[in-house]
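> sequence unavailable; structure follows:
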C-alpha cells in the first residue's frame, strides 16, 4: 500500500446500490497524485452511469500533458459534463442523470495542491490538528451554513441538505458560466493531509469527529476505514466515499548552529535569531538595553512569521459575490431572533420604507405570529433570486399577518404545512410560496398531499 494516498467507497446502510466513485492514483511518471470523489446525483436514474462517465473523462484528460494545473482540471470537468450530456441523449431513461465531483491534483515535490469542484462533495485540508474546509458546497443549505445562518449540526440535519445548485450534466454548456467550476490552489506542506469525501460522510460526521480520526496514529487505510465505519454506525444514510492524500515528507526542524573557535560560517538572520533564542549572550551589560529590545522585537517578528506560514492558506476561489445585508434587514432578523413570546409586532414607525432583502430572513421557532401594523413591505434587492423568508424544519405553526412581498422569485420557503396567512400580499412575485414535504425513505404513500388553502395565491409544491 502506498502511504501517500488511499481511497475507499462503501454502499452505506440504507442504499441498495453505490452511485459513488473515486480516483486515487499517480500520474505523469508518479510526479502527481490525482484524487477525486464523484457522486451520482440521487433521485434520478443513471446516477452511477453519470459518475462513471465523469471518472473516465477526468482520468483521460489528466493523463495527457499540460502546462498549468488549474486550467487542466477545469478542462476535466468540461469534458466530463459533455460526456454526461451525450450519455443522457442516448436514452429517455437517463434524461436527468448527473453527478457532482471534487478533484485534487497534488505535487508533493513542490509542496502544492490544486483543485476543481462542482456540487456538494467536499475537500478538506488537515494540518497541525486543524481541519479546514477548502471547497464550498454549491447548495442552498451550504450557503446558509457558510454565511453563519445555520450551525454545522443544523446543516447536517436540515431536510433540504441534499438539494444542489450545480452538477455535471445540469447544463449543456458550462463554458458560458465563469463561476460554475470552483478552482483554487494552496501549499501542501510536509505532514499535511487532504480529505476528499462524498456527502455520505459529511452529512453524518462533524468536523470534530473527523479530526478525532485524522489526528490519530495509523495508516491512511486504517483512517479511511474508521471514517466510513463511523458514518455507518451513525446511520449510513447514503453511499460513503473517502480519499486521503498525504504529504509524507518529514516536516523540517531547525537547529541552532554552533560557533567554533575558528572562523565561524556566516549565519542567516533566521539562524542567528534561533541561536539567540536558545543560547543566552555571554556578556550582559546594563547599557545594552537597545540591543535587548531589538532582539525581543526580532523574535516576535520571527514567531509571527512562522505562525502565519503554518496557518491554512487563504485559497483563491471563484464564488458569486454576496451583498451585505442592510440595516433594516438585519434589524428585522434580530427582532425575530430576540422574540421572547410567540408574537412579534412590526410597526411602520420602526421600519420606515421598504425593507430591502438580499439574504433570506430565517424563522427558526416552533410557533410565531409575525404581524405588521401599517404599510410594511419586504422588497427584493436587485440581482437577488432567493426567497424573502425561510421557515426552518423546527417550525410547527407560523402566522404571517398584513405583510407585503414585492419582486421576489419566491416569497416564502416552507417545509410542510405549518404556515397560515392573513391579509398577506404578493406583488410581482413569480411564486408566492414554495412548499416542500419530507417523506420517509423507501415507503409507499397514498392520498393527497396537504396544500395551503389560500385565495388567489400562486403555490409551488415540489
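Yes, it's here. Being a predicted model, the structure only gives us computed values, none of them experimental.
> now the strands for the stretch 251-400 of the chain?
Per DSSP state E, counting those that start in this stretch, the stretch 251-400 of the chain carries strands over the ranges 343-347, 355-357, 361-363, 367-373, 377-380, 387-391, 397-401.
> for residue 168, find the nearest of those.
Nearest to residue 168, of all these, is strand 387-391, at 26.6 Å by CB to CB. Backbone N, C-alpha and C define where each C-beta goes, glycine included.
> count of residues packed around residue 334?
Close neighbours of residue 334, defined as other CB atoms under 10 Å, add up to 10.
> and residue 217, by the same measure?
6.
> quick check: the gap between it and residue 223.
Computed with CB to CB, to the nearest Å, the distance linking residue 217 and residue 223 is 9 Å.
> again with residue 107
Distance, residue 107 to residue 223, using CB to CB: 22 Å.
> the more surrounded of these two?
Legend: neighbour count by other CB under 10 Å for residue 107 and residue 223, higher for residue 223 (23 against 17).
> and residue 153, which helix or strand is it part of?
Residue 153 is part of helix 152-157 when elements are defined by DSSP states H and E.
> how about that helix: buried residues?
Within helix 152-157, the residues scored as buried using 16 or more other CB atoms under 10 Å are 154, 155, 156.
> following it, which helix or strand comes up?
Using DSSP H and E, the helix or strand that follows helix 152-157 in sequence is strand 182-187.
> could you identify the helix or strand that succeeds that next one?
Next along the chain after strand 182-187, taking DSSP H and E as the criterion, comes strand 193-197.
> and that next one with strand 182-187, angle?
Inter-element angle recorded for strand 193-197 and strand 182-187: 160 degrees (by axes from the mean of the first three to the mean of the last three CA atoms, to 10 degrees).
> I'd like the average pLDDT over whichever helix or strand comes after strand 193-197.
Following strand 193-197 in sequence order, the next helix or strand is helix 199-202 (DSSP H and E). Helix 199-202 shows a mean pLDDT of 95.
> which parts of helix 199-202 are buried?
199, 200, 201, 202.
> swap in stretch 48-62?
Within stretch 48-62, the residues that qualify as buried by neighbour count (16+ other CB under 10 Å) are 48-55, 57-59, 61-62.
> cool, stretch 110-118 as well?
In stretch 110-118, counting by 16+ other CB under 10 Å, buried: 112, 113, 114, 115, 116, 117, 118.
> was I right about the last one contacting residue 137?
To tie it back to what came earlier, the one meant is residue 118. No - with contact defined as CB atoms under 8 Å, residue 118 does not reach residue 137; the gap is 10.9 Å.
> one step back: would JSON lines of the buried residues of stretch 110-118 with distance to residue 432 and secondary structure be doable?
Below are these laid out as JSON lines (distance: CB to CB, whole Å; DSSP: H, G, I helix; E, B strand; the rest coil):
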{"residue": "112", "distance to residue 432": "50", "secondary structure": "strand"}
{"residue": "113", "distance to residue 432": "46", "secondary structure": "strand"}
{"residue": "114", "distance to residue 432": "45", "secondary structure": "strand"}
{"residue": "115", "distance to residue 432": "40", "secondary structure": "strand"}
{"residue": "116", "distance to residue 432": "38", "secondary structure": "strand"}
{"residue": "117", "distance to residue 432": "34", "secondary structure": "strand"}
{"residue": "118", "distance to residue 432": "32", "secondary structure": "strand"}
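> what is the end-to-end distance of stretch 86-103?
In terms of CA to CA, to the nearest Å, the two terminal residues of stretch 86-103 are separated by 22 Å.
> quick one: distance of that stretch to the chain centre.
Centre-to-centre, stretch 86-103 and its host chain are 23 Å apart (CA atoms, centre = their mean, to the nearest Å).
> and that stretch, average pLDDT?
The average pLDDT for stretch 86-103 rounds to 88.
> same question for stretch 408-424.
In this model, stretch 408-424 carries a mean pLDDT of 88.
> buried residues in stretch 9-26, which are they?
Within stretch 9-26, the residues scored as buried using 16+ other CB under 10 Å are 9-12, 15, 18-25.
> same question for stretch 413-423.
413, 414, 415, 418, 419, 421.
> isn't the first one right up against residue 393?
No - at 11.4 Å, residue 413 and residue 393 do not qualify as touching, with contact defined as CB under 8 Å.
> show me the helices in the chain, by range?
47-62, 69-88, 140-146, 152-157, 199-202, 207-214, 220-233, 269-278, 289-310, 327-337 (DSSP state H).
> could I get those helices as JSON lines with distance to residue 430?
As requested, those are exported to JSON lines (distance: least, CB to CB, whole Å):
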{"stretch": "helix 47-62", "distance to residue 430": "30"}
{"stretch": "helix 69-88", "distance to residue 430": "27"}
{"stretch": "helix 140-146", "distance to residue 430": "17"}
{"stretch": "helix 152-157", "distance to residue 430": "27"}
{"stretch": "helix 199-202", "distance to residue 430": "29"}
{"stretch": "helix 207-214", "distance to residue 430": "37"}
{"stretch": "helix 220-233", "distance to residue 430": "39"}
{"stretch": "helix 269-278", "distance to residue 430": "61"}
{"stretch": "helix 289-310", "distance to residue 430": "48"}
{"stretch": "helix 327-337", "distance to residue 430": "21"}
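> closest one to residue 127 among these?
Closest to residue 127 of the helices of the chain, according to CB to CB: helix 289-310, at 7.3 Å.
> let me see the mean pLDDT of that closest one.
Rounded mean pLDDT across helix 289-310 is 62.
> please apply the same query to stretch 384-392.
In this model, stretch 384-392 carries a mean pLDDT of 89.
> in it, which residues are buried?
The neighbour-count criterion (16+ other CB under 10 Å) identifies 384, 386, 387, 388, 389, 390, 391, 392 as the buried residues of stretch 384-392.
> what is the end-to-end distance of it?
Note: stretch 384-392 ends 20 Å apart using CA to CA.
> can you list the residues that contact it?
Here stretch 384-392 makes contact (CB atoms under 8 Å, 6 or more residues apart in numbering) with 154, 158, 323, 357-364, 378, 380, 398, 400, 405, 408-415, 418-419, 434.
> just stretch 148-156 next, same as before
141-142, 144-145, 158, 161, 202-204, 206-207, 359-360, 362, 392.
> which one (most neighbours) among those residues?
Within the contacts of stretch 148-156, most neighbours by other CB under 10 Å means residue 202, with 25 neighbours.
> so how far is residue 416 from that residue?
Separation of residue 202 from residue 416 (CB to CB): 25 Å.
> now do residue 86
Counting by CB to CB - residue 86 and residue 416 are separated by 39 Å.
> likewise for residue 192?
Residue 192 sits 44 Å away from residue 416, taking CB to CB as the criterion.
> try residue 10
32 Å.
> again with residue 251
To residue 416, residue 251 is 52 Å away according to CB to CB.
> likewise residue 131?
Counting by CB to CB, the gap from residue 131 to residue 416 is 34 Å.
> and if you look at residue 327?
Residue 327 is 32 Å from residue 416, by CB to CB.
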